[in-house]
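# coordinates only, no sequence provided:
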């Protein structure tokens, strides 16, 4: 399962469209403002913006926005516009991350008393989903893990109204509020399951005048359920964590992954980093990344990802070209290293995937030399001998420094070699001198080597 966070506006839209009729939920209304949004256009699409008091806040996966002073409450449209002008593009620090505020959501202000705020959360687990409820909510709710009442719902079952009333809502005094909450939670859990949510937190959920409102929402979806839920989801954008820019190369690999039975993942951590990885297998990718970090290379680690599940030669070539296009943009005084690693494959034809990597190497051969890239390879599995032979041959032919190892070597041993913590064994030293090219002008380098 790949649990990915979604925008608050996206989560509320999914609930609006798919929750069963008959609940007291007031459909969520919202307008999204990004840096290129024209104010007048949004007013035309949402005339209620000029007729009601409003709430404005960033919609960029930022937690505890109220505590950070990032929520404007009970404002007129003119005040919201000024608030957006003051905050748009502003550098904001959130925990260890910092980034610019670029996307905001504006909603109607719901007048209510603090004692009408409650907390509701649903999260998936291996054997059961857990519904958490606390009869008090809001920015000062405190430690909900310790305070909330929990109801575990085993996989492939649904809770009953009696269970929700008796277990979750035992601290709710009003019979009317209990009835409204029971109906809503039953319907919301159906949405949670049917649309493959993995996490949904509503804080606060408010019931006033027998109407229910979702004032704040954080949610995640199982991205791997796209082939099941695409029609019901509609077009979903999975935003990057706050403080990290989205890269078109990541979107390209995600699109490639969605169209393939294989698993192809890429996250850019530090585009100017020295250490790049191209690892076969989800588990192996974690092991290699942990090893790089354990050896002190975390600050130079450029990416995280995997290619697994028997990708085709062309898919592997596309994946590798994407990695190379990112590597060949920023020079590093020590040169760069690429770790092509993996465990021992069960059914992936190593020679086929390596032919795809070789195609990418041949396409980017000049760029790899210009940016002083050294490649370390370790792999095992079906037809691995042929794959390793081909990799050695292309390194020799193109004069690219490439050190190739099979399953006789420890899986992560090449990380120590790549980071300079151990010398290359004598029997693996190169018997050729790497080819040197004249340095091109920066503009030419970008045009020739950084696209595919």
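Cool, the structure landed. What you are looking at is a predicted structure, and each value in this text was computed from that prediction instead of being measured.
# and the helices in the stretch 251-400 of the chain?
282-294, 313-327, 350-363, 365-370, 384-398 (DSSP state H, counting those that start in this stretch).
# distance check, residue 129 against residue 142.
Separation of residue 129 from residue 142 (C-beta to C-beta, to the nearest Å) stands at 23 Å. In this view, the C-beta of every residue, glycine as well, is placed from N, C-alpha and C.
# also residue 383?
Relative to residue 142, and taking C-beta to C-beta, residue 383 is found at 58 Å.
# looking at the two, which one has more neighbours?
residue 383 (15 against 11; other C-beta atoms under 10 Å).
# surely that one is in contact with residue 350?
Yes - at 5.4 Å, residue 383 and residue 350 qualify as touching, with contact defined as C-beta atoms under 8 Å.
# so where's this protein uncertain?
1, 435-452 (pLDDT under 70).
# let me see the domain layout of it.
For the chain, automatic domain parsing gives the domain ranges 3-26+113-232, 31-108, 248-449.
# chain center to the shortest one, what's the gap?
Centroid separation between domain 31-108 and its chain, computed with C-alpha atoms, centre = their mean, to the nearest Å, is 23 Å.
# what is the end-to-end distance of it?
10 Å (C-alpha to C-alpha, to the nearest Å).
# and residue 429, which of the helices of the stretch 251-400 of the chain is closest to it?
helix 384-398 (12.4 Å; C-beta to C-beta).
# quick revisit: in a markdown table: the domains of the chain, plus distance to residue 239.
As requested, the domains of the chain are exported to a markdown table (distance: least, C-beta to C-beta, whole Å):
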| stretch | distance to residue 239 |
| --- | --- |
| domain 3-26+113-232 | 6 |
| domain 31-108 | 6 |
| domain 248-449 | 11 |
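# for residue 242, which of those domains is the nearest?
domain 31-108 (5.0 Å).
# longest helix of the protein?
helix 175-194 (DSSP state H).
# how far out from the middle of the chain is that helix?
That offset, for helix 175-194, works out to 29 Å (C-alpha atoms, centre = their mean).
# and the helix or strand following it, what's buried?
The helix or strand immediately downstream of helix 175-194 is strand 197-208, counting by DSSP states H and E. Neighbour-count burial for strand 197-208, counted by 16 or more other C-beta atoms under 10 Å, picks out 197, 198, 199, 200, 201, 202, 203, 204, 205, 206, 207.
# okay, angle between strand 197-208 and helix 175-194 too, please.
Between strand 197-208 and helix 175-194, the angle comes out at 160 degrees (axes from the mean of the first three to the mean of the last three C-alpha atoms, to 10 degrees).
# so what secondary structure elements neighbour strand 197-208?
Counting contacts by 3 or more C-beta pairs under 8 Å, 6 or more residues apart in numbering; DSSP states H and E, strand 197-208 is packed against strand 117-123, helix 175-194, strand 211-214, strand 217-222.
# what's the closest of the ones you listed to residue 60?
Using C-beta to C-beta, these put strand 217-222 closest to residue 60, at 11.7 Å.
# in the next helix or strand after that closest one, what's buried?
Where DSSP H and E defines the elements, the next helix or strand beyond strand 217-222 is helix 226-233. For helix 226-233, the neighbour count (16+ other C-beta under 10 Å) marks 226, 229, 233 as buried.
# which among the residues you listed gets closest to residue 30?
Comparing the buried residues of helix 226-233 against residue 30 with C-beta to C-beta places residue 233 closest, at 17.5 Å.
# distance of the closest one relative to residue 3?
15 Å.
# ditto for residue 70
Where residue 3 is concerned, residue 70 sits at a distance of 24 Å (C-beta to C-beta).
# what's residue 151 in contact with, if anything?
130, 131, 133, 159, 163, 164, 167, 168 (C-beta atoms under 8 Å, 6 or more residues apart in numbering).
# do residue 122 as well
129, 130, 131, 132, 188, 189, 192, 197, 199, 200.
# any of those buried? List them.
Here, 16+ other C-beta under 10 Å leaves 129, 131, 132, 188, 189, 192, 197, 199, 200 buried among the contacts of residue 122.
# for those residues, work out which two are farthest apart.
Applying C-beta to C-beta across those, the maximum distance is between 132 and 197, 14.2 Å.
# what's the closest of the helices of the stretch 251-400 of the chain to residue 255?
helix 313-327 (10.4 Å).
# could you pull out the buried residues of the closest one?
Of the residues in helix 313-327, those buried (16+ other C-beta under 10 Å) are 313, 315-327.
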